[in-house]
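Q: turn this into a structure:
(2 chains)
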Amino acid sequence: MDFNVNENSIKIYTASDATDYELPYIDEGISAGFPSPALDFDDIAIDLNKHLIKHPSATFYGRVSGHSLEGAGISDGDILIIDRSLEPTNDKIAVCYIDGEFTAKRIHKHNNELWLLPENSEYQPIKVEANSNFIIWGIVTYVIKSV
Amino acid sequence: MFALVDCNNFYASCERVFNPALNEKPVVVLSNNDGCVISRSNEAKALGIPMGAPAFKYEDVFKREDVKVFSANFPLYGDMSRRVMDILSDFTPEMEIYSIDESFLKFDGFENYDLREYAIKIRQKVLKWTGIPVSIGVAKTKSLSKAAAHIAKKFPDKTEGVYVIDTDEKIIKALKWLKVGDVWGIGRRYEKKLNEKGVRTAFEFTQLSDQYIKQQMSVVSLYLKRDLLGEPILRLEEAQSKKNIATTRSFDKNYTKFEDISERISTFAVMCAEKLRKQNSCCNSLVVFIRTNKHKNSLKQYSGSIKVKLPFATNSNIEIAKFANSALKQIFKEGFEYKKAGVIVQDFSDAGVVQQNLFENSDQRHVALMNSIDYINRNFGQQKVRLATQDQGKVWKMKQENLSPKYTTNLDDIITIKV
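A: Residues are numbered from 1 along each chain as shown, chains lettered A, B, ... in the order given. All right, here's what the predicted structure looks like:
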């Protein structure tokens, strides 16, 4: 409906609800004051995946069983982050496959001999014999432990 | 130029990555329910175990030859596939993931590259990062790259897993070597027919007249002929939603009662509905089939299937299970021992733009309900919320006697490292 108020013709219409017009919802609430300066910086939460995993396609996890690496801060029950893309350079801690099981040790090459070194005086270094079935599976990058 | 990257014996190779004791041993992976062989290591192939071999027929061979047998571990294979594809996507902007273990890469603007060297780099990176060995074929068309990968796989020592077809002489040589049944897209379907005509190699296929191929085979085969001769006809396909979704399984034993099979059909229907929602589709028709064990000739044989057009498009567990069960009623016959059944959903439409029907419509309340069910099942474990007609753990269990751990997708299943 519409009607004239006077000759100057101010027309008043009722609102039509025939169409929807969606207004954007503003999450911070409407305040007359200064907008939050933090709004422009809303993506800076810390994502541990981003920091601990450089090569997601090459990264795997393994659970530690045993005590030979206590000196390196690796204890029974810890979770290792293993990156297969890294090169096994001297003195890295590597996950190896030897004698039918996975183990982790510090790898050390010396005079053309490859040694697997423990970090616990109760354990002996292991020399990798040339004819043994030995694989360096990946390099340990981080340890996750509950304290 | 195209490259086809094909993972060698993919499922068996996945098992080996986390269990290196399997290296150099015969390994087979069985289909869902431990039905038949779906992946074989080279050692298992050498024992003469064919692809698709029914497991029960080869039990003696498995035992005698100490074959390491695994139940399919699809969460593991899916995750490893994703890793391989991720790595491949770093090597070119144009890539088509063709299947769980195969991908086409397109090399446009790589004229200055030595593509053999480049492919060897790809191969080494995938192997080092994931432990999965691949074969790579490079050529100027897709079908030729497929043939080249076949050669790379057959002659790993000579090719080091990479074969490049880069001259006309090499095209002819490859086509003369390749059996017509191994040509991509011709397959076993036309092999017998072509062999009867004296056509045994891919080369002989390309010598057939266009007219013969069009009349006796298909237009697609004609495109294939030109593609094989080096004219790039087949393009890289865009990733697209699936055209139909199937959930089919062999049962752990034979079933005779309608209620037992009906329960399976409900479960399969729900699995299809979940996959539909994942790709945001609704289906407009579905197929239900049941059959007896075709490997046991001593049993009375029957197989029935039916396609039903749905009155409306839906992806609701409840509605699809209901339609699938009324379809089952029409094909089920008493007196047979059923071994396998399946539900296939087809004729998809976009879940967002469902055509409203004048008389009967999908219950819109289901949309919210399905969202909630998906949410709960995702966060609290598979199948926490089920239809009453689904498996309640009483009737049926998937046969998975030799399932390996979910090494990469479940924290309780990661490898143990003895230190």
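Q: tell me which residue in chain A sits closest to chain B.
A: Going by CB to the nearest CB, chain B is nearest to A:Ala58 of chain A, at 3.8 Å. Placement of C-beta: from N, CA and C, glycine included.
Q: tell me which element the residue nearest to the spatial centre of chain A is part of?
A: Nearest to the mean C-alpha position of chain A, counting by CA atoms, centre = their mean, stands A:Asn49 at 1.2 Å. Taking DSSP states H and E as the criterion, A:Asn49 maps to helix A:48-52.
Q: one step back: surely the residue of chain A closest to chain B and A:Asp83 touch.
A: Yes. Using CB atoms under 8 Å, A:Ala58 is in contact with A:Asp83, at 5.7 Å.
Q: which of those two has more neighbours?
A: Per other CB atoms under 10 Å in any protein chain shown, whichever of A:Ala58 and A:Asp83 has more neighbours is A:Ala58, with 23 against 20.
Q: ok, the more buried one - contacts?
A: Under the criterion of CB atoms under 8 Å, 6 or more residues apart in numbering or on different chains, the contact list for A:Ala58 reads A:Asp83, A:Arg84, A:Ser85, A:Gly138, B:Arg83, B:Ile87, B:Lys128, B:Trp129, B:Thr130.
Q: in the sheet, who's paired with the first one?
A: When bridges are taken as DSSP bridges, the partners of A:Asp83 come out as A:Thr59, A:Ile139.
Q: my guess is it meets A:Pro56, correct?
A: No. A:Asp83 is beyond contact range of A:Pro56, at 9.7 Å (criterion: CB under 8 Å).
Q: and the strands in the chain?
A: No chain in the question, so chain A it is. Assigned strands in chain A, in chain order: A:2-4, A:11-13, A:59-65, A:79-83, A:93-98, A:101-110, A:113-117, A:126-128, A:134-144 (criterion: DSSP state E).
Q: actually it's chain B I care about, not the one you picked
A: Secondary structure of chain B by DSSP E: the strands cover B:2-7, B:27-30, B:37-40, B:68-71, B:94-99, B:102-106, B:134-139, B:162-164, B:245-255, B:281-292, B:303-314, B:338-350, B:415-418.
Q: quick one, the fifth one and strand B:2-7 angle?
A: Yep, that's strand B:94-99 we're talking about. If you take axes from the mean of the first three to the mean of the last three CA atoms, to 10 degrees, strand B:94-99 sits at 40 degrees to strand B:2-7.
Q: give me the nearest residue to residue 100, chain neighbours excluded.
A: In the absence of a named chain, chain A is used. Spatially, and ignoring its direct neighbours in sequence, A:Gly100 is nearest to B:Ala21 (5.5 Å; CB to CB, 6 or more residues apart in numbering or on different chains).
Q: can you look at chain B instead?
A: The shortest distance from B:Ile100 to any non-neighbouring residue, by CB to CB, 6+ apart, is to B:Ser81 (4.7 Å).
Q: same question for B:Ala324.
A: In space, B:Ala324 is closest to B:Ala269, 4.0 Å off (CB to CB, 6+ apart).
Q: just A:Gly77 next, same as before
A: Nearest to A:Gly77 is A:Val64, by CB to CB, 6+ apart, at 6.4 Å.
Q: quick check: bridge partners of that neighbour?
A: B:Ile417.
Q: residues contacting B:Ser349?
A: Here B:Ser349 is in contact with B:Ser281, B:Cys282, B:Asn284, B:Ala313, B:Gln355 (CB under 8 Å, 6+ apart).
Q: how about A:Trp115?
A: A:Ile107, A:His108, A:Lys109, A:Pro125, A:Ile126, A:Lys127, A:Val128.
Q: tell me which two in those residues are the farthest apart.
A: Largest separation among those by CB to CB: A:Lys109 and A:Ile126, giving 13.5 Å.
Q: more neighbours, those two?
A: The neighbour count for A:Lys109 versus A:Ile126, taken as other CB under 10 Å, is higher for A:Ile126 (19 against 13).
Q: ok, now which ones touch the more buried one?
A: Neighbours of A:Ile126 in contact, by CB under 8 Å, 6+ apart: A:Ile98, A:Lys105, A:Trp115, A:Leu116.
Q: between A:Ala58 and A:Asp83, what contacts are shared?
A: In contact with both A:Ala58 and A:Asp83: A:Gly138, using CB under 8 Å, 6+ apart.
Q: count the residues that sit near the closest residue to A:Ala72 other than its chain neighbours.
A: Nearest non-adjacent residue to A:Ala72, counting by CB to CB, 6+ apart: A:Glu119, 4.4 Å away. Neighbourhood size, A:Glu119 [other CB under 10 Å]: 17.
Q: just A:Asp78 next, same as before
A: Per other CB under 10 Å, the neighbour tally for A:Asp78 reads 18.
Q: next one, pLDDT for it please.
A: The score at A:Asp78 is 96. That number is its pLDDT.
Q: pretty sure it contacts A:Tyr142?
A: No. Counting by CB under 8 Å, A:Asp78 stays clear of A:Tyr142, with 10.0 Å between them.
Q: and B:Ile38, how many neighbours?
A: As a burial measure, B:Ile38 scores 17 neighbours (other CB under 10 Å).
Q: count the residues that sit near the residue lying closest to it once chain neighbours are set aside.
A: Spatial nearest neighbour of B:Ile38, chain neighbours left out: B:Ser31 (4.8 Å); criterion: CB to CB, 6+ apart. Using other CB under 10 Å, B:Ser31 has 18 neighbouring residues.
Q: likewise B:Leu4?
A: B:Leu4, neighbours per other CB under 10 Å, totals 27.
Q: then B:Lys296?
A: Quick note: B:Lys296 (other CB under 10 Å) scores 14 neighbours.
Q: that older thread, mind putting the strands of chain A in JSON lines, distance to B:Gly342 included?
A: Listed next are the strands of chain A as JSON lines, based on distance: least, CB to CB, whole Å:
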{"stretch": "strand A:2-4", "distance to B:Gly342": "64"}
{"stretch": "strand A:11-13", "distance to B:Gly342": "61"}
{"stretch": "strand A:59-65", "distance to B:Gly342": "35"}
{"stretch": "strand A:79-83", "distance to B:Gly342": "40"}
{"stretch": "strand A:93-98", "distance to B:Gly342": "40"}
{"stretch": "strand A:101-110", "distance to B:Gly342": "40"}
{"stretch": "strand A:113-117", "distance to B:Gly342": "51"}
{"stretch": "strand A:126-128", "distance to B:Gly342": "51"}
{"stretch": "strand A:134-144", "distance to B:Gly342": "40"}
